[in-house]
Structure formats: structure tokens, C-alpha cells
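Enquirer: Next input, structure requested:
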Amino acid sequence: MTDKTILTIATFTAKPGKSEELYQVLQRCIAPTRAEDGNVHYDLYRSVEDQHQFLFHETWKNAAAIAFHSKQPHFLALLAGVENLLTEAPSITQI
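Expert: Presented below is the predicted three-dimensional model:
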């Protein structure tokens, strides 16, 4: 694992009629994620052009912080909560 700071971009596209429900599921993950020691910043954005599109812009201290995050109950709840709300799997890019 790397000790370098990692930027993550995760995009989600809601099914028609599911954007508000998706927004609520995504919102619930913000506060507990920001409280994690390895999180530098974790922000949720909604497209002004397409209200069905959401983007998480995340910065993590290192790969170990991301690994820790991926096992947390709030993150697992997010994954379970979005499963039937998305048009496709989230797109996740790490830089």
C-alpha cells in the first residue's frame, strides 16, 4: 500500500424518479466518513445540468485509510442503499 495522499472521484447516476432517495443515502455517509482519521476531505456534489448525477470528491491520507473506510458500517450501508437506485454501477477513479 502507498503512503501517498489519494484523491478519489466517485460518480453515481440515479434511475429516473430515484434521485432524491439516492441523495439521502449518499448524504448519510458524509458525517461518519469525515470523522475517520484517514479522511482529509469528503464532499458530495450534485450536477446542475442533470439532477440525477452525483459526485463524491474525496481525499485520503493513504491507501490504508481507503481500505479502512471500505469496511466501515456507514460505507457498507451506502453500498447496500444505492444498489437499486442506480442506472449503473458507480464509476470510481483514484488519482
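Enquirer: quick check, distance from stretch 64-82 to the centre of its chain.
Expert: 9 Å (C-alpha atoms, centre = their mean, to the nearest Å).
Enquirer: where does the residue nearest the centre of the chain land in three-state SS?
Expert: For the chain, the residue nearest the mean C-alpha position is residue 56 (4.8 Å; C-alpha atoms, centre = their mean). Put simply, residue 56 is strand when judged by DSSP: H, G, I helix; E, B strand; the rest coil.
Enquirer: in what helix or strand does the nearest residue to it once chain neighbours are set aside lie?
Expert: Sequence neighbours aside, residue 10 is the residue nearest to residue 56 in space, at 4.3 Å (criterion: C-beta to C-beta, 6 or more residues apart in numbering). Quick note: C-beta positions are derived from backbone N, CA and C, even for glycine. Element membership of residue 10 [criterion: DSSP states H and E] is strand 6-13.
Enquirer: Report all helices and strands that that strand contacts.
Expert: strand 53-60, helix 63-69, strand 91-94 (3 or more C-beta pairs under 8 Å, 6 or more residues apart in numbering; DSSP states H and E).
Enquirer: and if we set it to 7 Å?
Expert: Strand 6-13 is packed against strand 53-60, strand 91-94, with contacts defined by 3 or more C-beta pairs under 7 Å, 6 or more residues apart in numbering; DSSP states H and E.
Enquirer: Which pLDDT value belongs to residue 3?
Expert: On pLDDT, residue 3 comes in at 83.
Enquirer: meant to ask about residue 34
Expert: pLDDT for residue 34: 98.
Enquirer: And it, how far from residue 69?
Expert: Distance of residue 34 to residue 69, given as C-beta to C-beta, to the nearest Å: 11 Å.
Enquirer: can I assume residue 39 is in contact with residue 60?
Expert: Yes: with contact defined as C-beta atoms under 7 Å, residue 39 reaches residue 60; the gap is 6.3 Å.
Enquirer: shaky segments in this protein?
Expert: Where the chain drops to pLDDT under 70, the residues are 1-2.
Enquirer: picking up where we left off before, and the residue nearest to the centre of the chain, what is it in contact with?
Expert: By C-beta atoms under 7 Å, 6 or more residues apart in numbering, the contact set of residue 56 is 10, 42, 44.
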